[in-house]
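# no sequence on this one, just coordinates:
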């Protein structure tokens, strides 16, 4: 299969792999099985290698109104990977994986069978209608920062700083 065919239509694939970070979450259905299946699909993506995944953590649901103790709890993890897929192609692949697992985009921050967020794509800063990286709220979410540190203790969010420092600040801990 040609690189262009594997990559799909859109931006050309990169000539060398880029480190990317994907947050995974689910609060409906068989959460652990869904996350495991999504990781298998990430590992099968074309032009993608070295997929490493954190241990999952369980967290309270966060809605537009804040934390919701009455909503089903989330199981969250973070995957790091190296890919030659362009960021838009990677995001499209993430959306296809979500759809295969029953994700329906009806309500912002609503319950979901699977949520895959592109958190970072190398050191790139992208701010478009269809794609924003680094993820604009990743630095405010311990359910992203904690598992990210599990898989990459030296992680940094471009333009924000080290993930361990961001988590300490988020928790109000002294350095």
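Structure received. None of these values were measured; they are calculated from a predicted model.

# Every contact and neighbour count from this point should use C-alpha atoms.
OK.

# same for the strand or helix carrying residue 49, what does it pack against?
For residue 49, the enclosing helix or strand under DSSP states H and E is strand 48-53. With contacts taken as 3 or more C-alpha pairs under 8 Å, 6 or more residues apart in numbering; DSSP states H and E, strand 48-53 sits against helix 31-43, strand 74-83.

# Turn those into CSV, columns for mean neighbour count.
Output for the helices and strands packed on strand 48-53, formatted as CSV (neighbours: other C-alpha atoms under 10 Å):
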stretch, mean neighbour count
helix 31-43, 17
strand 74-83, 24
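
# any weak-confidence spans in this protein?
1-10, 103-110, 175 (pLDDT under 70).

# all helices of it, in order?
With DSSP state H as the criterion, the chain has helices at 3-7, 31-43, 87-100, 142-151, 163-171.

# Please spell out which residues along the last one are buried.
Residues of helix 163-171 classed as buried: 163, 164, 165, 166, 167 (neighbour count, 16 or more other C-alpha atoms under 10 Å).

# one step back: and the helices and strands packed on strand 48-53: which comes nearest residue 131?
Closest to residue 131 of those is strand 74-83 (C-alpha to C-alpha; 17.0 Å).

# who's in contact with that closest one?
16-28, 31-32, 39, 47-61, 143-144, 147-148, 151 (C-alpha atoms under 8 Å, 6 or more residues apart in numbering).

# Likewise for stretch 41-56?
3, 6-7, 17, 39, 75-85, 93, 97, 147-148, 150-151.

# how does it look with 7 Å?
The contact list for stretch 41-56, computed with C-alpha atoms under 7 Å, 6 or more residues apart in numbering, reads 6-7, 75-85, 147-148, 150-151.

# circling back: out of the helices and strands packed on strand 48-53, which gets nearest to residue 117?
Here strand 74-83 is closest among those (C-alpha to C-alpha), at 9.4 Å.

# returning to what we had before: can you lay out the helices and strands packed on strand 48-53 as a markdown table showing distance to residue 172?
Listed next are the helices and strands packed on strand 48-53 as a markdown table, based on distance: least, C-alpha to C-alpha, whole Å:
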| stretch | distance to residue 172 |
| --- | --- |
| helix 31-43 | 30 |
| strand 74-83 | 22 |
